[in-house]
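# Kindly generate the corresponding structure for this input.
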Amino acid sequence: MNAVVRYIAERYAFRITLPLAGVLVLGLMEVSEQGMLLSVLHAFVITWLSLFALRATDDLHAITEDRMSRPQRGLSSGVISPQAVQRSVWYALAVIVIVSLYTLPLFGMVIACMMYYAIWFRVQEQMPYVLRPFGSNVVFVFLPVYISWLYTDTFSLSSVAAGGWIYGAAIAHEYAHNIGQRRPEPLPSYEKLMGTAKTTGMASLLFLMSCLSGMSYGYVSEDSSILLLILILHYLINQALLLTMLRHPSTTRVRLFYVLGYTFFLLPLLARAVTMLVMS
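Below is the predicted model of the structure:
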């Protein structure tokens, strides 16, 4: 248990992940009905545990690489037991399956997502390095669709638009915060494979696609005027910062995208959640 607590403190800190899950769940709320509190709690458990299981599984598969590039981490240094973290992943998946038995479609979505990642982690090493974020972040499409179905008891195209928005932002974040990254040989990096200009261009394109998907979601969703305003302003800030980095590369500016990649969807969703709560 101590190993898992230490792992969470290092790689999945409550102060970050609990608000993140809460904003996703409340920001994607579509209806207000009797029993909504249980639906919110259900969605929160699924969201937090799903992201934990993905983070931990990804770290477990990256131990060999991390021993070269991030030897200070608990898993790569041997301070945290991989077996303990692996057991915690199995416990998290068990809870997710049990909770999703609420309805057959939700259960089916969970099983499909688990099967996808079981295959993904077997084949990801054969995938081109620069395309791996497209495969590893699929959970960000799954979660909005799951949450929407939980709230409305039906499939909605708006949830797919929300998934595209969050998925695109997560991948853009991956590219943006790795601009100019230098990893020890023989590890691959975006800098080695694409160079600074192409990595920056890819991040810019992904933020554009993410923004368009988010605008589609905001257009068809209730109480989303403030969401659209904040999303567009955030997009302009991100693009301006990327342009500045292209002209004047800076490690400090790159680090900003550790935050800006996620606030790109979290801030608009938070604003929408607050608006809905105030107006309800």
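# Quick check: Thr17 vs Pro268, distance?
Look at Thr17 and Pro268: by C-beta to C-beta, to the nearest Å, they are 19 Å apart. The C-beta positions use only the backbone N, C-alpha and C, and glycine is treated the same way.
# So for these two, which residue has more residues nearby?
Counted by other C-beta atoms under 10 Å, Thr17 and Pro268 do not tie: Pro268 has more neighbours, with 28 against 17.
# Which pLDDT value goes with the more buried one?
The model reports Pro268 with a pLDDT of 96.
# Near the closest residue to Ser100 other than its chain neighbours, how many other residues are there?
Nearest in space to Ser100, with sequence neighbours left out and distances taken as C-beta to C-beta, 6 or more residues apart in numbering, is Val110 at 4.2 Å. Val110 is flanked by 21 other residues according to other C-beta under 10 Å.
# Any regions of the stretch 151-280 of the chain where pLDDT drops low?
223, 249-251, 280 (pLDDT under 70).
# Give me the domain ranges for this protein.
Under the assignment automatic domain parsing, the domains of the chain span 1-133, 156-280.
# Show the subsequent helix or strand relative to the helix or strand hosting the residue nearest to Ser100.
Applying DSSP states H and E as the criterion places Val110 in helix 104-123. Heading C-terminal from helix 104-123, the first helix or strand you meet, by DSSP H and E, is helix 132-136.
# any idea how far the residue nearest to Met68 when sequence neighbours are not counted lies from Leu101?
The spatial neighbour of Met68 that comes closest, neighbours along the chain excluded (C-beta to C-beta, 6+ apart), is Pro184 at 5.3 Å. Pro184 sits 46 Å away from Leu101, going by C-beta to C-beta.
# same deal with Val278?
On the measure of C-beta to C-beta, Val278 and Leu101 end up 34 Å apart.
# what separates the helix holding Val110 from the chain centre, distance-wise?
16 Å (C-alpha atoms, centre = their mean, to the nearest Å).
# Could you report the pLDDT at the closest residue to Met194 other than its chain neighbours?
Using C-beta to C-beta, 6+ apart and skipping the chain neighbours, the partner closest in space to Met194 is Val130 (6.2 Å). What the model reports as pLDDT for Val130 is 93.
# how many other residues sit next to Val130?
Neighbours of Val130 (other C-beta under 10 Å): 17.
# list the contacts for it?
190, 193-194, 202 (C-beta atoms under 8 Å, 6 or more residues apart in numbering).
# Just the ones in strands from those, please.
Of these, none are assigned to strands by DSSP state E.
# which of the residues you listed lies closest to Ala62?
Tyr190 (15.9 Å; C-beta to C-beta).
# so how many other residues sit close to that closest one?
Tyr190: 24 neighbours (other C-beta under 10 Å).
# For Ile8, see how far away the closest residue to Val138 other than its chain neighbours is.
Among residues not flanking Val138 along the chain, Tyr116 sits closest, at 6.3 Å (C-beta to C-beta, 6+ apart). Per C-beta to C-beta, Tyr116 is found 24 Å from Ile8.
# Give me the more crowded residue out of these two.
Ile8 (17 against 14).
# and the gap between the more buried one and Cys211?
Counting by C-beta to C-beta - Ile8 and Cys211 are separated by 32 Å.
# For Gln239, grab the count of nearby residues.
Using other C-beta under 10 Å: Gln239 sits among 15 other residues.
# which element is it on?
Element membership for Gln239 (DSSP H and E) is helix 225-247.
# Please name every helix or strand in contact with that helix.
With contacts taken as 3 or more C-beta pairs under 8 Å, 6 or more residues apart in numbering; DSSP states H and E, helix 225-247 sits against helix 157-176, helix 195-220, helix 251-279.
# how about the last one: buried residues?
Going by neighbour count (16 or more other C-beta atoms under 10 Å), the buried part of helix 251-279 is 253-254, 256-257, 260-273, 275-276.
# With stretch 54-73 instead?
Those would be 54-57, 59, 61-62, 66, 73, for stretch 54-73 by 16+ other C-beta under 10 Å.
# now do stretch 205-224
Quick answer for stretch 205-224 (16+ other C-beta under 10 Å): 206-207, 209-211, 213-218, 221, 223-224.
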